[in-house]
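> Let me see the structure of the following:
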Amino acid sequence: MNVSHLPLRVAIGAFVLNSGVSKWNLEGEGAAGMHGMAVAAIPPLKRVPPSEFARLLSGTELALGTALLLPFVPSALAGLGLLGFGGGLMRLYWATPGMHEPGSPRPTQQGVPFAKDSWLIGAGLTLLLDDVLGRMAGRRRGLGRQIARRCGRRRG
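As a prediction, the model looks like this:
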């Protein structure tokens, strides 16, 4: 893990982990409300009972938050997780009526709590791209050194 990723991973990881912990025992009206919102955006989720949906969402958040906090999990992998999770939340935002102004990405008052989750996509892309591009640059530098050594040997 790149040390510069640490603040981003700790801040988001702790937030997502806490969100997962708070949903772990969610049942009744709380689970039904969250499930109903998800079903409105993604109809096939209707087949999943509300309490099971809440547990699955909680487990996803627990796994993602933990992955972000563990330094041995590659940033690219943690970034992919954030990208997927943030994408799901943005799907909910776009598909739920009243979350954004008609014909516009600008959120309504009701949509602000969901629209703000777009930062998860940005953070996920940052971790993924920085890790992948950093590795590619490292390989190019390594290849350059190998070529220089080989060329130097031929001259000597």
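> Spatially central residue in this structure, please.
residue 82 (0.9 Å; Cα atoms, centre = their mean).
> who touches that residue in this structure?
By Cβ atoms under 8 Å, 6 or more residues apart in numbering, the contact list for residue 82 reads 12, 64, 68, 120, 121, 123, 124, 127. All C-beta spots, glycine's among them, are computed from the backbone N, C-alpha and C.
> Run through this structure and note the low-pLDDT ranges.
139-150, 152-156 (pLDDT under 70).
> circling back: ranking by neighbours, what's the top pick from the contacts of residue 82?
Highest neighbour count within the contacts of residue 82: residue 68, with 29 neighbours (other Cβ atoms under 10 Å).
> is it true that that residue touches residue 77?
No - between residue 68 and residue 77 there is no contact under Cβ atoms under 8 Å: 10.0 Å.
> Which secondary structure elements does the host helix or strand of residue 113 sit against?
Secondary structure from DSSP states H and E places residue 113 in helix 112-115. For helix 112-115, the packing partners by 3 or more Cβ pairs under 8 Å, 6 or more residues apart in numbering; DSSP states H and E come out as helix 75-95.
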